[in-house]
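1. Give me a 3D structure for the following:
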Amino acid sequence: MTIYTGRGDAGRTDLRTMERVSKTDPRIEAYGTVDEANALIGTVRPTGYTDVDELLADIQNQLHVVQADLANPDPDPDDPRVDDDHVDALETAIDDFDEELEPLQSFVLPGGGDSGAALHHARAVVRRAERRAVELARTESINEAVVAYLNRLSDALFTLARVANARDGEREDSPTY
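-> Model prediction:
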């Protein structure tokens, strides 16, 4: 199998159903942005914290499921799908990690140490992926759990950024108005 095929040279690509669409199609934009978020998360690992790294590895695998879900406008029952269990697992992780943090008193400026800043960056890209999925859902049918998962994932990445910064001894700055 060769990496290049030339099939995309004219600006078109295949959905999972093998339908050819523009590379700017809203469905491609949605799962492409998920891919970007996944790549950013990959730049964070390893953080040096086993529990954070294990969750990030799980998230990266789940993001492949999100991409497959978004890439398939006509899924079969056995196709990869995001579901409420994925959302629930993120909520549990957020709650568990949040226990070690000081209560949030204000907004937090993205930044901190290398891991914390990269997690904040990944969070912002996940928010964009969520917006792309919401836009896609305005015109096409998608799995509603995808939007919920991406929403919760941005919360999880925010929490992990705070955890990484706290463990690294990095100060959190708040905006001034």
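2. Which neighbouring elements make contact with whatever helix or strand A122 lives in?
-> Secondary-structure element containing A122, defined by DSSP states H and E: helix 114-139. If contacts are counted by 3 or more CB pairs under 8 Å, 6 or more residues apart in numbering; DSSP states H and E, helix 114-139 sits against helix 26-44, helix 50-71, helix 144-167. C-beta here means a position set from N, CA and C on the backbone, and glycine is covered the same way.
3. Next, format those as JSON lines and append mean neighbour count.
-> JSON lines is the format used below for those (neighbours: other CB atoms under 10 Å):
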{"stretch": "helix 26-44", "mean neighbour count": "21"}
{"stretch": "helix 50-71", "mean neighbour count": "19"}
{"stretch": "helix 144-167", "mean neighbour count": "22"}
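4. Tell me which residues of the helix holding A122 come out buried.
-> 115-130, 132-133, 136-137 (16 or more other CB atoms under 10 Å).
5. Show the average pLDDT along that helix.
-> For helix 114-139, the mean per-residue pLDDT is 97.
6. Give me the most central residue, this protein.
-> When CA atoms, centre = their mean is applied to the chain, the residue found nearest the centroid is V126 (4.4 Å).
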